[in-house]
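Engineer: Starting from these lines, generate the structure:
(chains A, B and C)
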Amino acid sequence: MKNDYRETVEYLLHWYDLNARILEWRSNPKPYYVWISEIMLQQTRVEAVKSYFDRFIKELPTIKDLAAVEEDRLMKLWEGLGYYNRARNLKKAAIIVMEQYNGELPANREELKKLPGIGSYTSGAIGSIAFQLPVAAVDGNVLRVMKRIAGSFDDITKEKVKKELEEDIEAIIPKDRPGDYNQSLMELGATVCLPNGKPLCNQCPVMHLCKAFHNGDELKIPVKPKKKERVIEEKTVLVMECAGYYAIRKRTEKGLLHGLWELPNIEGKLSINQMEETIKTLAPYAKVERKLGEAKHIFSHKEWHMIGYYIKVERIEDVPIPELIWVDNQSIRKDYSLPTAFEAYRKELN
DNA sequence: AACTCGGGGCC
DNA sequence: GGCCCAGAGTT
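Structural biologist: Below is the predicted model of the structure:
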């Protein structure tokens, strides 16, 4: 279904001029800054990104620096932000930009989209904000705002709906300020046209154009189907300590949190008796000192339900588990990316 | 078209 | 306890 959003342009741009938040990557929209910020902002709120962005740019001020950064350093810069493939793809793309684009991002949406980690939204965002290309940048905010304005009950998780919206936007996007128009839609979605049933319609610069508001449907839109339940995984986490050093290991190559570090852990929740039996076979001279509390960590699609044990080891040689490395707490904090999922047990390290 | 991939903030 | 967030890549 085609929608005409032409009338929104003047109101949204004017509102954006008065209400845009001051953000580092907005004040200085160099392609590299816009790129890094847009990747960080994928599925991530502005407030969470700010400090990561500043640190990242300070550490890796140019695409050349990013292309050369060491994997562990990169993961450390991303630690806690989540979706770690975003960071790996940044580096991959930076190498391609150095080798194929003379060190500068291409000012072309299709070329941008070829780079790892840059899809339809991000290519539109970088294209319009950094290069003033008249292209749409449709994210969750834009879908919500536009479907409310149109009074549309389309299922916004459908790819076709997103594609049609891109076309509708590109039909009316102002050629002199495409990046500002896209950002005005996102800014409105983030600060006024809020999700979860609390839009601030009385503050909205386009409420007179909004069919959802007119019809009293603003809480029913956007339409999304329900998500399926998360899978629950039970784990027993071991805090193994030897003279102030703690055992950690690198997670396997693929899948959840791959390539990051973790506290050693076993499938299933072991009772203290089971733990004592198990430790005999793993490390005969280790002692189960005490039970730690239970903890839960929720990912998008699974939950870890964990129990922990504090295990004391007299000599590292007594633990014949080759994949473990033994590191003091200060080094872990400085050099090893230990995901937030282990936070409850990480507190035991000192 | 469905699944995987993090973490946090807000109700 | 559930929702959603300036989504992209893989299957």
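Engineer: Would you mind listing the residues in contact with residue A:142?
Structural biologist: Applying Cβ atoms under 8 Å, 6 or more residues apart in numbering, we find residue A:142 in contact with A:136, A:165, A:169, A:182, A:185-186, A:189. C-beta here means a position set from N, CA and C on the backbone, and glycine is covered the same way.
Engineer: and the closest residue to residue A:55 other than its chain neighbours, what does it touch?
Structural biologist: Distances taken as Cβ to Cβ, 6 or more residues apart in numbering place residue A:77 nearest to residue A:55, at 6.5 Å, with adjacent residues excluded. Contact analysis of residue A:77 by Cβ under 8 Å, 6+ apart lists A:52, A:55-56, A:59-60, A:87.
Engineer: What spatial separation is found between residue A:77 and DNA strand B?
Structural biologist: Distance, residue A:77 to DNA strand B, by Cβ to the nearest atom of the strand, to the nearest Å: 13 Å.
Engineer: near DNA strand B, which residues of the stretch 101-250 of chain A show up?
Structural biologist: Residues of the stretch 101-250 of chain A lying near DNA strand B by Cβ under 7 Å from any atom of the strand: A:158-160, A:196, A:198, A:228.
Engineer: Make TSV out of these and add pLDDT, distance to residue A:148 and secondary structure.
Structural biologist: Listed next are those as TSV, based on pLDDT from 0 to 100; distance: Cβ to Cβ, whole Å; DSSP: H, G, I helix; E, B strand; the rest coil:
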residue	pLDDT	distance to residue A:148	secondary structure
A:158	94	17	coil
A:159	94	20	helix
A:160	95	19	helix
A:196	84	13	coil
A:198	85	13	coil
A:228	80	26	coil
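Engineer: ok, so of those residues, who is nearest DNA strand C?
Structural biologist: Ranked by distance to DNA strand C (Cβ to the nearest atom of the strand), those are led by residue A:196 at 5.0 Å.
Engineer: Quick check: the closest one vs residue A:218, distance?
Structural biologist: Distance, residue A:196 to residue A:218, using Cβ to Cβ, to the nearest Å: 12 Å.
Engineer: can you check residue A:292 too?
Structural biologist: Distance of residue A:292 to residue A:218, computed by Cβ to Cβ: 47 Å.
Engineer: With residue A:156 instead?
Structural biologist: In terms of Cβ to Cβ, residue A:156 sits 15 Å off from residue A:218.
Engineer: ok, the residue in the stretch 101-250 of chain A positioned nearest to DNA strand C - contacts?
Structural biologist: Residue of the stretch 101-250 of chain A nearest DNA strand C, by Cβ to the nearest atom of the strand: residue A:119 (2.7 Å). Going by Cβ under 8 Å, 6+ apart, residue A:119 touches residue A:113.
Engineer: What pLDDT is listed against it?
Structural biologist: If you check residue A:119, the pLDDT there is 98.
Engineer: what does residue A:227 give?
Structural biologist: Reading off the confidence values, residue A:227 has pLDDT 75.
Engineer: how close does it get to residue A:300?
Structural biologist: According to Cβ to Cβ, residue A:227 stands 9 Å off from residue A:300.
Engineer: try residue A:76
Structural biologist: Residue A:76 sits 23 Å away from residue A:300, going by Cβ to Cβ.
Engineer: do the same with residue A:164
Structural biologist: Taken as Cβ to Cβ, the span from residue A:164 to residue A:300 is 26 Å.
Engineer: The two - which one has more neighbours?
Structural biologist: Set residue A:164 next to residue A:300 and count neighbours by other Cβ atoms under 10 Å: residue A:164 wins out with 17 against 9.
Engineer: so which strand or helix has the more buried one?
Structural biologist: Assigned by DSSP states H and E, residue A:164 belongs to helix A:159-172.
Engineer: Likewise for residue A:258?
Structural biologist: Using DSSP H and E, residue A:258 sits within no helix or strand.
Engineer: Need the residues that contact stretch A:300-314.
Structural biologist: If you take Cβ under 8 Å, 6+ apart as the criterion, stretch A:300-314 is touched by A:230-242, A:256, A:265, A:269-270, A:272, A:275, A:279, A:283, A:285-297, A:319, A:341, A:344-345, A:348.
Engineer: Tell me which residues of that stretch come out buried.
Structural biologist: By neighbour count on 16 or more other Cβ atoms under 10 Å, the buried set for stretch A:300-314 is A:304, A:306-311, A:313.
Engineer: Export these to TSV and append columns for pLDDT and distance to DNA strand C.
Structural biologist: Formatted as TSV, the buried residues of stretch A:300-314 follow (pLDDT from 0 to 100; distance: Cβ to the nearest atom of the strand, whole Å):
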residue	pLDDT	distance to DNA strand C
A:304	95	13
A:306	96	15
A:307	96	17
A:308	96	20
A:309	97	24
A:310	97	27
A:311	96	29
A:313	94	35
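Engineer: Show me what the longest helix seen in chain A is packed against.
Structural biologist: Secondary structure of chain A per DSSP state H: the longest helix is helix A:85-100. If contacts are counted by 3 or more Cβ pairs under 8 Å, 6 or more residues apart in numbering; DSSP states H and E, helix A:85-100 sits against helix A:31-40, helix A:63-68, helix A:71-78.
Engineer: Could you rerun that using 6 Å?
Structural biologist: On a contact count with 3 or more Cβ pairs under 6 Å, 6 or more residues apart in numbering; DSSP states H and E, helix A:85-100 meets helix A:63-68, helix A:71-78.
Engineer: quick check, distance from the last one to the centre of its chain.
Structural biologist: Taking Cα atoms, centre = their mean, to the nearest Å, the mean C-alpha location of helix A:71-78 is offset from the chain mean by 14 Å.
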